[in-house]
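Q: give me a 3D structure for the following:
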Amino acid sequence: MKLPNGFGTVYKLQGSRRRPYAVKKTVQGKQKYLGYFETFEDAMAFLVEYNRDPALLSPSKTTFAEVYALWKAKHFPELRSESARIGYRNSYRHCQRLHSMKFVDIRLPHLDAVIDDVRTAGCGYSTQKKVRCLLEQLYKYGAKYDLITRDYARYLDIDKPKKVYIKKPFTVRQRNRLWRNINDMPYEIKIVLMLMYSGCRIGEFRHVRKSDVKLRRRLFVVRHSKTVAGENRYIPIPKKLVPWYEALMESDGIYLMRLVIPWHQCLTLPISIEQ
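A: Numbering: from 1, shown residues only. Model (predicted):
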């Protein structure tokens with residue numbers, strides 16, 4: 001991928017290194033190393049962030065890979081989770097046939113071919129949706145900086161979702177079965193019941209700090225959530241579960257919950273609530 005003159009360069013150093021990709025740029029007439037990174041994408045994102053001026057690239061010469069690097073440098077710091085970054089990186093790899101193409105030359109058939117590649121790889125609706133989301137983000141960025149004249153991503157069709165597993169809420173019978181067997185596996189079953197009564201996500205409950213548990217008011221505060229709307233919300237504590245929260249408050253660590261086994265095994269060991 002050829003970059004504009006004076007933009008800088010990214011290249012891989014020889015030997016076995018933990019961060020083999022180096023970023024180099026001419027600063028005040030002298031070549032200067034700006035940093036070292038584990039992946040080429042991270043190094044390119046840093047270089048773009050260092051330049052911080054999309055106008056350096058000509059719209060008629062800007063490639064898909066360059067637009068992605070510019071968008072990534074601006075958008076990735078705003079993402080809340082590493083899983084979202086990984087999802088965008090994987091979606092970018094699925095667009096390999098577009099990497100070297102000029103962004104203004106990409107048309108709807110090229111985008112359709114990318115989705116066909118995703119289907120050929122055996123990926124379903126979820127992956128196709130993520131790829132389309134990335135393309136929509138790139139076209140939105142391109143329109144913002146006048147790199148394109150038409151948004152083709154909005155016309156991109158993907159497969160319809162298929163419900164592989166239909167989620168069902170716990171029944172009263174399943175909940176009562178946990179209460180009857182609480183002596184067999186007290187800690188894990190208590191955690192499952194606490195989750196059921198609170199309605200929290202697993203990740204939310206795992207990140208509850210003891211300082212956010214208000215036993216006298218019988219509630220706790222969710223600070224860490226998957227969405228912004230889910231943050232800083234108050235969850236009531238049922239009166240009969242208060243002793244369990246008191247016991248967890250006396251344990252070591254700053255977090256309320258500690259898992260001795262993976263959480264999903266709590267639903268099957270040593271009993272099955274499906275029975």
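Q: residue ranges for the helices of this protein, please.
A: Applying DSSP state H to the chain gives helices spanning 40-51, 64-75, 82-94, 108-120, 125-144, 172-180, 186-198, 202-206, 242-249.
Q: what's the closest non-adjacent residue to Tyr255?
A: Among residues not flanking Tyr255 along the chain, Arg209 sits closest, at 6.0 Å (Cβ to Cβ, 6 or more residues apart in numbering). Placement of C-beta: from N, CA and C, glycine included.
Q: neighbours of Gly122, how many?
A: By the criterion of other Cβ atoms under 10 Å, Gly122 has 7 neighbours.
Q: can you give me the neighbour number for Lys226?
A: For Lys226, using other Cβ under 10 Å, the count is 13.
Q: how about it, phi and psi?
A: The phi/psi pair for Lys226 (degrees, to the nearest 10) reads phi -70, psi -30.
Q: out of the helices of the chain, name the one with the poorest average pLDDT.
A: Mean pLDDT per stretch puts helix 40-51 lowest among the helices of the chain, at a mean of 79.
Q: got a list of what the closest residue in space to Ile254 that isn't next to it in sequence touches?
A: Among residues not flanking Ile254 along the chain, Arg209 sits closest, at 5.6 Å (Cβ to Cβ, 6+ apart). Listed by Cβ atoms under 8 Å, 6 or more residues apart in numbering, the contact partners of Arg209 are Arg223, Ile254, Tyr255, Leu256.
Q: Arg209 and Ile202, how far apart?
A: 16 Å (Cβ to Cβ, to the nearest Å).
Q: and for Leu241, the neighbour number?
A: Around Leu241 there are 15 residues (other Cβ under 10 Å).
Q: quick check: it touching Leu193?
A: Yes: with contact defined as Cβ atoms under 8 Å, Leu241 and Leu193 form a contacting pair (7.3 Å).
Q: tell me which of the helices of the chain sits most buried.
A: Mean neighbour count (mean count of other Cβ atoms under 10 Å) peaks for helix 64-75 among the helices of the chain, with a mean of 22.
Q: residues touching that one, excluding its own?
A: Counting by Cβ under 8 Å, 6+ apart, 1, 3, 41, 44-49, 52, 54, 57, 88, 92, 95, 98-103, 106, 137-138, 141-142, 145, 147 sit against helix 64-75.
Q: can you show me the CA trace of it as PDB?
A: Taking C-alpha atoms only, helix 64-75 is exported to PDB below (Å, rounded to 0.1, in the frame of the first residue of the first chain):
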ATOM      1  CA  PHE A  64     -10.000   1.200   0.800                       C
ATOM      2  CA  ALA A  65      -7.200   0.200   3.200                       C
ATOM      3  CA  GLU A  66      -6.200   3.800   3.700                       C
ATOM      4  CA  VAL A  67      -9.800   4.900   4.400                       C
ATOM      5  CA  TYR A  68     -10.000   2.000   6.900                       C
ATOM      6  CA  ALA A  69      -6.800   3.200   8.600                       C
ATOM      7  CA  LEU A  70      -8.100   6.800   8.800                       C
ATOM      8  CA  TRP A  71     -11.500   5.700  10.200                       C
ATOM      9  CA  LYS A  72      -9.900   3.200  12.600                       C
ATOM     10  CA  ALA A  73      -7.600   5.900  14.100                       C
ATOM     11  CA  LYS A  74     -10.600   8.100  14.800                       C
ATOM     12  CA  HIS A  75     -13.200   5.500  15.800                       C
END
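Q: the inter-axis angle of that helix versus helix 125-144?
A: Using axes from the mean of the first three to the mean of the last three Cα atoms, to 10 degrees, the direction of helix 64-75 lies 90 degrees away from that of helix 125-144.
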